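1. Next one to model:
(chains A and B, ligands or ions: 1)
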Amino acid sequence: MISKLDLVLAGVGGQGTLVAGKLLGRVALKAGLDVRVSEVHGMAQRGGSVITYVRMAPNVHSPVVEPGQADFVLAFEQLEALRWAHLLARDGVLLMNMSRVIPMSVGMGQARYPDAVAAALQQAGDGRAVIRALDATRLAREAGSEKAVNIVMLGAMAHFLDIAPDVFTEAIDDVFPLKLQGINQKAFQAGFAIMKENTGA
Amino acid sequence: MKEILLGNEAVAAGAYAAGVKVISSYPGTPSTEITEAAARYERIWCEWAPNEKVALEVAIGASLAGARAMTCMKHVGLNVAADPLFTSSYTGVNGGLVIIVADDPGMHSSQNEQDSRHYARAAKLPLFEPADSQECQDMVLAAFALSERFDTPVLVRLTTRVSHTRAPVALAEIQEQAVKPYQKDVRKHVMMPAMAIARHAAVEQRLVQLGLDSASGGLHEIDLRSGKLGIVTSGIASQYVREALPDASVFKLGLVWPLPVDALRDFAARVDRLVVVEELDPVIETEMKAAGIACEGKALLTPLGEYSASLLRRDLSGQPDPESALPREQLEAAPARPPVMCAGCPHKGLFMALSRLKLIVTGDIGCYTLGAINPTNAMDTCVCMGASVGMAHGMDKATDGEFSRRTVAVIGDSTFLHSGMTGLLNSVYNRSDSTILILDNSITGMTGHQQNPATGRDIRLHEAPAVDLEALCRVLGAASVRVVDPADTWQVEQVVSEEVARSGVSVIIARRPCALIPTGKGRPENAVRLDRDRCRRCKACIRIMCPALTAGPDGYPVIDPNSCNGCGLCVRVCRFDALKRGGEQA
Ligand SMILES: Cc1ncc(C[n+]2csc(CCOP(=O)(O)OP(=O)(O)O)c2C)c(N)n1
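-> Sure thing, here's the model as predicted:
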């Protein structure tokens, strides 16, 4: 069973980071841990970058995950992986959804969307971290809704955790209404399974 | 099992447990979710007031009538409510009265970074500062008890990190509160000089008593560890202290005003070095120094922004930060995602028109403040809610009418009803030639869709009387009141040009609902489509910066049918007829 977990959920408004954070709060309670889930509100709907910090341990103080402290960085989009990668601790795990959400400055040709983000992260990590990319958006679609990309990401993370998977599956049923539970359970399994198959980035 | 609640939800839970009967608030990040969460408890009368001054006055009335009452606002809201605040300190309470004020260190979504604790000193009121969700609930309960015991309104100060962090809460037992009997008491409730002179003396006495009581009743936590370093702190800063300085002895204040001076003096005597760690202003530090307790504070730590564990490590312990596996220096910088107006936002077309007219625009606060930045850059000022109207009049008078020929005030519907109405009255009364554009998107957008007196719904979405904005402006004396559709930028340009040229006060109401209000029309089949044969790749449509329309790698626009809500703004700017509304022949 885990005794301490610091992670960040990085995405853009509307990608479901807030719901994923809520769900992890339930997971912590079930694991008997104290927890803080710190959200960015306000600008979330307006296409901004959205970060949610989750910290669980027997006793948590600061609600913020600081540079070099995250056991996991779950990036829902490539640019956000790049933006928040520095939070990752040595030997931490960065999971990146391969989708891209083009920021306005790039759409207008004033900035460039970096290419080969996964490779750049691998290179910078230089073996100090585990970096995996996955097509979570596709897996979510296959599970029944692209909106479930957040739960695919949690499934992928769960693969690396020493925590009974039913803690997650129960939390999913706690957080979602009945008609969305099936899709999200499937999405969770899909994320979990893909990490078994896929070994490189 | 415990519940996981946002700090704001925990405040509402505390109010519910305390038997609160009336909550009147005006929205403002990061305080908004408190009143929204409270509205889920049917027993509480919850309402959105048009502004914070009215909200506090409602709460004072409820308190004097005998009920427990609360009002919630963001830091700048307390400026608006400051007038009743200072004198309610004199009248005291009947049912407990608690004022929640949420500060925003780091300015995640605010126009300034003021420290509301100064109001506690200035109005001579006790102030609690919770550090997490559990304390939010518990301190609200304590605040109501203190309010009734000491016959005083009580402030509870939150900060963004506390308001917007979820944490476990053991829910408190519900206290049934009967409404206390009302007593007419002219000497206490009618503040004219003869009565107020006596009440001021009572307030000073109360403050001394509160200070003496604080050591036992102030919910402080004293954690004695090493004698080398002692920290006095409160609220969220105490969390960073515990994270960064595990060996330090800590005096964590619950009641931050008035201070438990003797207890702090004892604590100071037990440590070699004493540092006050508080975000923003040196409120605690200054008061401790005035009481002759030697300490350090802002000489070491910044008065700007939010603190963090790593900031405290750097400035106080010299301990290194954990090492990042992916140091920032080794990675390409990610292009920023500044906030932009939503796809289909009615404000966008309006600002495109203002941008083309090259007017001076006195602006105001709301989603439309984004009109100040790219791509429209059509706003000259933004100070506080309601300011646009008075400022346009001031510019008119400063230039003997010259500016009024090329100036408009721009203000949202909620903001106009908050404090623009009085500005309009002033402009009319003082013979202004100014022009005021009310952006009526039928909602309080910026803070996440709260109802207001013009929307026809109350906080629980029940039907409510809706003010008629046209009639209101006419009755306040506007010489001309016209309504335009902001998506029709050509019409907007036309009408604005005419009204700016006209003498007397003109009001133009630009009416179109916020794009995020569900209408059922935002379906993919209604999305705009591109006719590639006609498109010349001129980028006119790209330049409007719609989140649903971006430039593809080949230079042709790409429309995301899931984000497009079919407003047609891009269709209007296309000179080659290459963009078609959904349903039209492509
Ligand atoms: C005194 C004060 N109270 C509250 C706020 C928070 N706030 C900022 S904008 C806004 C309302 C905006 O609504 P509206 O004028 O209708 O414009 P919209 O965002 O819908 O375009 C509020 C409540 C503030 N900045 N100042």
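2. show me where pLDDT drops low in the chain?
-> Using chain A here. A:41-46, A:198-201 (pLDDT under 70).
3. To clarify, I was referring to chain B.
-> Residue ranges of chain B with pLDDT under 70: B:520-522, B:583-586.
4. Domain-wise, how is it divided?
-> B:2-217, B:224-317, B:346-511, B:524-580 (automatic domain parsing).
5. Which of those domains sits closest to the ligand?
-> Closest of the domains of chain B to the ligand is domain B:346-511, at 2.1 Å (criterion: CB to the nearest ligand atom). Heads up, the C-betas are built off the backbone N, CA and C, glycines and all.
6. Which elements pack onto the longest helix seen in chain A?
-> Using DSSP state H to define each element, chain A has its longest helix at helix A:178-197. Other helices and strands packing on helix A:178-197, by 3 or more CB pairs under 8 Å, 6 or more residues apart in numbering or on different chains; DSSP states H and E, are strand A:130-134, helix A:136-143, helix A:149-158, helix A:165-175.
7. One more pass at 10 Å, please.
-> helix A:17-30, strand A:88-97, strand A:130-134, helix A:136-143, helix A:149-158, helix A:165-175 (3 or more CB pairs under 10 Å, 6 or more residues apart in numbering or on different chains; DSSP states H and E).
8. how many degrees apart are that helix and helix A:149-158 in direction?
-> With axes from the mean of the first three to the mean of the last three CA atoms, to 10 degrees defining the directions, helix A:178-197 sits at 40 degrees from helix A:149-158.
9. Helix A:178-197: which residues count as buried?
-> Neighbour counts over helix A:178-197 (16 or more other CB atoms under 10 Å in any protein chain shown) mark A:180, A:183-192, A:194-195 as buried.
10. ok, the residue positioned nearest the centre of chain A to chain B distance?
-> For chain A, A:L74 is the residue whose C-alpha lies nearest the centre (CA atoms, centre = their mean; 2.8 Å). Applying CB to the nearest CB, to the nearest Å, the value for A:L74 to chain B is 14 Å.
11. check which helix or strand covers that residue.
-> Element membership of A:L74 [criterion: DSSP states H and E] is strand A:70-75.
12. got the angle for that strand vs helix A:136-143?
-> For strand A:70-75 against helix A:136-143, the angle by the same axes, to 10 degrees is 70 degrees.
13. from what I can see A:V50 touches A:A75, true?
-> No - using CB atoms under 10 Å, A:V50 is not in contact with A:A75, being 11.4 Å away.
14. joint contacts of the two?
-> A:L9, A:A10, A:G11 (CB atoms under 10 Å, 6 or more residues apart in numbering or on different chains).
15. Compare these and tell me which has the most neighbours.
-> Taking other CB atoms under 10 Å in any protein chain shown as the neighbour criterion, A:L9 ranks highest of these with 30 neighbours.
16. Could you give the number of residues near B:V179?
-> B:V179 has 14 neighbours, counted by other CB under 10 Å.
17. Regarding it, what is its secondary structure?
-> Per DSSP: H, G, I helix; E, B strand; the rest coil, the local secondary structure of B:V179 is coil.
18. gap between the nearest residue to it once chain neighbours are set aside and chain A?
-> What sits nearest to B:V179 in space, not counting adjacent residues and going by CB to CB, 6 or more residues apart in numbering or on different chains, is B:G66, at 4.3 Å. Separation of B:G66 from chain A (CB to the nearest CB) stands at 35 Å.
19. Assess the claim that B:G66 and B:L97 are in contact.
-> No - taking contacts as CB under 10 Å, B:G66 lies outside contact range of B:L97: 11.3 Å.
20. ok, these two, which is more surrounded?
-> Shown here are B:G66 and B:L97; by other CB under 10 Å, B:L97 has more neighbours (30 against 18).
21. what residues are up against that one?
-> Per CB under 10 Å, 6+ apart, neighbours of B:L97: B:22, B:56, B:59-60, B:62-64, B:67-71, B:88, B:91, B:125, B:143-144, B:147-148, B:151-154.
22. what's around residue 3, how many residues?
-> Since no chain was named, I'll use chain A. A count of nearby residues for A:S3, using other CB under 10 Å, gives 11.
23. my question was about chain B
-> 17.
24. B:A15 now?
-> Neighbours of B:A15 under the rule other CB under 10 Å: 30.
25. so who does the residue nearest to it when sequence neighbours are not counted touch?
-> Spatial nearest neighbour of B:A15, excluding adjacent residues (CB to CB, 6+ apart): B:M70 at 5.3 Å. Remark: with contacts taken as CB under 10 Å, 6+ apart, B:M70 is in contact with B:11-12, B:14-15, B:18, B:20-25, B:34-35, B:38, B:44, B:46, B:55, B:59, B:62-63, B:96-100, B:140, B:143-144, B:154, B:156.
26. sorry, back to before: more neighbours, A:V50 and A:A75?
-> Between A:V50 and A:A75, counting by other CB under 10 Å, A:A75 is the more crowded of the two (27 against 24).
27. so that one sits right up against A:T52, yeah?
-> No - counting by CB under 10 Å, A:T52 is not a contact partner of A:A75; they are 11.9 Å apart.
28. In the stretch 451-586 of chain B, what residue comes closest to the ligand?
-> Nearest residue of the stretch 451-586 of chain B to the ligand (CB to the nearest ligand atom) works out as B:C514 at 6.2 Å.
29. my read: that residue touches B:S442, true?
-> Yes - under the criterion of CB under 10 Å, B:C514 makes contact with B:S442 at 6.6 Å.
30. list the residues that contact both of these two?
-> With CB under 10 Å, 6+ apart, B:C514 and B:S442 have common neighbours B:P346, B:D413.
31. any common contacting residues for A:A75 and A:T52?
-> With CB under 10 Å, 6+ apart, A:A75 and A:T52 have common neighbours A:V8, A:L9, A:A10, A:G11.
32. In TSV, list the residues you listed along with secondary structure and distance to chain B.
-> Putting those into TSV (DSSP: H, G, I helix; E, B strand; the rest coil; distance: CB to the nearest CB, whole Å) gives the following:
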residue	secondary structure	distance to chain B
A:V8	strand	13
A:L9	strand	13
A:A10	strand	10
A:G11	strand	11
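33. Tell me who's in contact with the residue nearest to B:I60 when sequence neighbours are not counted.
-> Nearest non-adjacent residue to B:I60, counting by CB to CB, 6+ apart: B:S88, 5.1 Å away. Contacts for B:S88 (CB under 10 Å, 6+ apart) come out as B:56-57, B:59-60, B:63-64, B:81, B:97, B:99, B:123, B:125, B:152-153, B:191.
34. so how far is B:E176 from B:S88?
-> Going from B:S88 to B:E176 by CB to CB, to the nearest Å gives 25 Å.
35. buried stuff in the lengthiest helix in chain B?
-> Criterion DSSP H: the longest helix present in chain B is helix B:193-217. For helix B:193-217, the neighbour count (16+ other CB under 10 Å) marks B:M195, B:A196, B:R199, B:V203, B:R206, B:L207, B:L210, B:G211, B:D213, B:S214, B:A215, B:G217 as buried.
36. Would you tell me what the next helix or strand after it is?
-> That would be, after helix B:193-217 and using DSSP H and E, strand B:221-223.
37. That following strand and chain A in contact?
-> No - figure legend: strand B:221-223 not in contact with chain A (CB under 10 Å from any CB of the partner chain); closest approach 11.8 Å.
38. Quickly run through the sheet partners of that strand, with directions.
-> strand B:249-253 (antiparallel) (DSSP bridges).
39. what element comes up after the strand it pairs with heading to the C-terminus?
-> Downstream of strand B:249-253, the next assigned helix or strand under DSSP H and E is strand B:255-257.
40. returning to that earlier point: how about the nearest residue to the residue of the stretch 451-586 of chain B closest to the ligand, chain neighbours excluded?
-> Nearest non-adjacent residue to B:C514 (CB to CB, 6+ apart): B:N441, at 4.2 Å.
41. which residues does that neighbour contact?
-> B:345-347, B:366-368, B:412-414, B:455, B:486, B:510-517.
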